[in-house]
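S.K.: With the sequence up front, the predicted model follows.
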Amino acid sequence: MVAHYVMSVDQGTTSTRCILFDRGGRLVSVSQREHKQYFPKPGWVEHDAAEIWRNLEHLAPEALHRVGVEPRQVAALGITNQRETTVLWDRNTGHPVSRAIVWQDTRTDALVAEFTQRPDAGIVQELSGLPLATYFSAPRIRWLLDHTPGLYEQAERGDVLFGTIESWLIWNLTGGPDGGEHITDVTNASRTQLMDIRTLQWSPELLAFFGVPAAMLPRIRSSAEIYGRAERAVPGVRIAAALGDQQAALFGQTCFSPGEAKCTYGTGSFLLLNTGDTPIRSRHGLLTTVAYRVGTEPAVYALEGSIAVTGSLVQWFRDSLGLITTAPEIETLARTVEDNGGCYIVPAFSGLYAPHWRSEARGVIVGLTSYITKGHLARAVLEATGWQTREVVDAMNADSGLALSTLKVDGGMTADNLLMQFVADVLAAPVVRPMVAETVSLGAAYAAGLAVGYWPDLEGLRRNWHRAALWNPSMEPEHRDSEYANWRRAVERTFGWLQPVAEK
């Protein structure tokens, strides 16, 4: 009997990976390649979409070759991607019209400020479930249309296409200029600010508000269904799933019931709570988003708390300050001291996301005295991730009416035991990590496998989940409360640092 696998393409902020999983959800093969980060101006973050596609063309065959697997042995391919990152490309040549504008980019802050002042601005959150912020795709599309001569007219004709990264990759995989499928799934579409969160279709009102031509948009499909077959990279393989990376992690963590939550700790951190088949409007700074949709079944929704800077704060500590040489060293350095010494770091490098949504905020270090060492700073770096998680969980509990009982975690930062213990302490709730740490990639594989019958149902996927680590809270409540109060005072110091300046 020929062994069959599912391939997952995990296109992240810093790299692209191709992973093969077997029927037990175990990782069989992985290949990875980083892509260049471009920072042409303060607050600008860009990627070369063509480079990302070239990397995938190399990585997919490599992942197969490592274990002697042929494309015909791959039951399906699923894609998960960095969300909100915006690509515009020429339908006829297949070339991007510019570099992709990455989700962290804040160049649209003045444009967003203008949108916010409009009398009809309320329709954006009402229809899309998302606040007006630089985080989402629609302002980036508008910015590109405004700053590239002739681009709007090309977009109106459908000669220029828009997509988030999964759209760009699916289009190229299925033929590119020679008949490539121009599609997106409901989870990625729900992050553009252009989709009606209830109808799961592009909203004419939102398109008119942002001035985005409908002809440039992909068709919206479910997260798990067969979109077509690959013509390139892995010829003949069925492409059967697409999910934004955080929704993929929720799926990979098998959070299929309302009230189940996960947090992925990566470049940024993202906490999602399954709210069932009804979208919950947040009153506390969270996002209403689509969690997933399997085939023709009703969509499942989630509340999300997005934190812009967590793992990237450790990167900054390593690369910009040079206080460590590798990311794991931060735990060792932090353990050289007993506490933060009264020092707090609020990493509002790109403004503050949930639950504050203050694009004008900028990072601060407060409480500095001559007593502070690099060990205290290292601990403050880790604690910043814990406190930001606490802010999001508080908002989530208030919106949902539920008290978080357990948090499932994944991502690279979960290897830091000091950080995970601190998260459990500040949440006063257990934190658990699964055996398979690659939950983002696994979620895309699960969805693709479901679409083609490789896995029979959601309960079968649940049986694949096994706990690898558990952290129980041990911090005294009085200490937790006083430290949280200090953190919140530090956060207030970041507000109002920048004032939007109208573009000339």
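M.R.: Yep, that arrived.

S.K.: counting contacts, what elements does the helix or strand of the chain with the lowest mean pLDDT pack onto?
M.R.: Lowest by mean pLDDT, DSSP states H and E among the helices and strands of the chain is helix 458-462, with a mean of 89. Helix 458-462 sits against helix 439-451, with contacts defined as 3 or more C-beta pairs under 8 Å, 6 or more residues apart in numbering; DSSP states H and E. Every C-beta, even on glycine, is put in place using the N, C-alpha and C of the backbone.

S.K.: centre of the chain versus the helix it packs on, how much separation?
M.R.: Its chain's C-alpha centre and that of helix 439-451 lie 16 Å apart, by C-alpha atoms, centre = their mean, to the nearest Å.

S.K.: Where is the longest helix in the protein?
M.R.: Longest helix in the chain, counting residues (DSSP state H): helix 374-400.

S.K.: Quick one: mean pLDDT over the helix or strand following that one.
M.R.: Counting by DSSP states H and E, the next helix or strand C-terminal to helix 374-400 is strand 407-410. Averaged over strand 407-410, pLDDT sits at 93.

S.K.: And the next helix or strand after strand 407-410, what's buried?
M.R.: Next in sequence after strand 407-410, counting helices and strands by DSSP H and E, comes helix 417-427. Buried residues in helix 417-427, counted by 16 or more other C-beta atoms under 10 Å: L418, L419, M420, Q421, F422, V423, A424, D425, V426, L427.

S.K.: Identify the farthest-apart pair in those residues.
M.R.: Taking C-beta to C-beta as the measure, the buried residues of helix 417-427 span a maximum distance of 15.2 Å, between L418 and L427.

S.K.: how much space between R433 and T264?
M.R.: The gap separating R433 from T264 is 11 Å, by C-beta to C-beta, to the nearest Å.

S.K.: Between those two, which contacts overlap?
M.R.: V409, D410 (C-beta atoms under 8 Å, 6 or more residues apart in numbering).

S.K.: Which one's more surrounded, those two?
M.R.: T264 (28 against 21; other C-beta atoms under 10 Å).

S.K.: which residues does the more buried one contact?
M.R.: Counting by C-beta under 8 Å, 6+ apart, T264 makes contact with D245, Q246, A249, F270, V409, D410, G411, T439, V440.

S.K.: is it true that the last one touches Q247?
M.R.: The reference is to V440. No - with contact defined as C-beta atoms under 8 Å, V440 does not reach Q247; the gap is 9.3 Å.

S.K.: Settle it for me: which of those two has more neighbours?
M.R.: Neighbour comparison, V440 and Q247: the larger count goes to Q247, with 33 against 30 (by other C-beta under 10 Å).

S.K.: sec struct for that one, please.
M.R.: Following DSSP: H, G, I helix; E, B strand; the rest coil, Q247 is assigned to helix.

S.K.: The one 10 residues further on too?
M.R.: S257 falls in the coil class when you classify it by three-state DSSP.

S.K.: I figured it hits N274, correct?
M.R.: Yes - S257 is within contact range of N274, at 6.3 Å (criterion: C-beta under 8 Å).

S.K.: which one of these two has more residues nearby?
M.R.: Set S257 next to N274 and count neighbours by other C-beta under 10 Å: N274 wins out with 22 against 11.

S.K.: Just say helix, strand or coil for that one.
M.R.: Counting by three-state DSSP, the backbone at N274 sits in strand.

S.K.: tell me the contacts of it?
M.R.: Neighbouring residues of N274 by C-beta under 8 Å, 6+ apart: L250, C255, F256, S257, P258, G259, E260, A261, A291, V300, Y301, A302.

S.K.: Now restrict the residues you listed to buried residues only.
M.R.: Burial by neighbour count, judged by 16+ other C-beta under 10 Å, picks out L250, C255, F256, P258, E260, A261, A291, V300, Y301, A302 from these.

S.K.: per-residue confidence at the third one?
M.R.: In the prediction, the pLDDT value recorded for F256 is 92.

S.K.: swap in the last one?
M.R.: Model confidence at A302, given as pLDDT, is 93.

S.K.: residues of stretch 466-484 that come out buried?
M.R.: For stretch 466-484, by 16+ other C-beta under 10 Å, it's W471, P473, M475, R480, E483, Y484.

S.K.: check which helix or strand covers the fifth one.
M.R.: This means E483. According to DSSP H and E, E483 maps onto helix 477-492.

S.K.: V290 belongs to a strand?
M.R.: Yes - checked against three-state DSSP, V290 lies within a strand.

S.K.: Could you check how many residues crowd around it?
M.R.: 25.

S.K.: Just give the closest residue to R99, not the sequence neighbours.
M.R.: Excluding the flanking residues, the one nearest R99 by C-beta to C-beta, 6 or more residues apart in numbering is E46, at 3.9 Å.

S.K.: Which residues are in contact with the one you found?
M.R.: E46 makes contact with Q37, Y38, F39, P40, R99, A100, I101, V102, D105 under the criterion C-beta under 8 Å, 6+ apart.

S.K.: May I see these organised as JSON lines, with distance to T385 and pLDDT added?
M.R.: Formatted as JSON lines, those follow (distance: C-beta to C-beta, whole Å; pLDDT from 0 to 100):
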{"residue": "Q37", "distance to T385": "21", "pLDDT": "91"}
{"residue": "Y38", "distance to T385": "26", "pLDDT": "92"}
{"residue": "F39", "distance to T385": "23", "pLDDT": "93"}
{"residue": "P40", "distance to T385": "28", "pLDDT": "92"}
{"residue": "R99", "distance to T385": "29", "pLDDT": "96"}
{"residue": "A100", "distance to T385": "26", "pLDDT": "96"}
{"residue": "I101", "distance to T385": "26", "pLDDT": "96"}
{"residue": "V102", "distance to T385": "21", "pLDDT": "95"}
{"residue": "D105", "distance to T385": "22", "pLDDT": "90"}
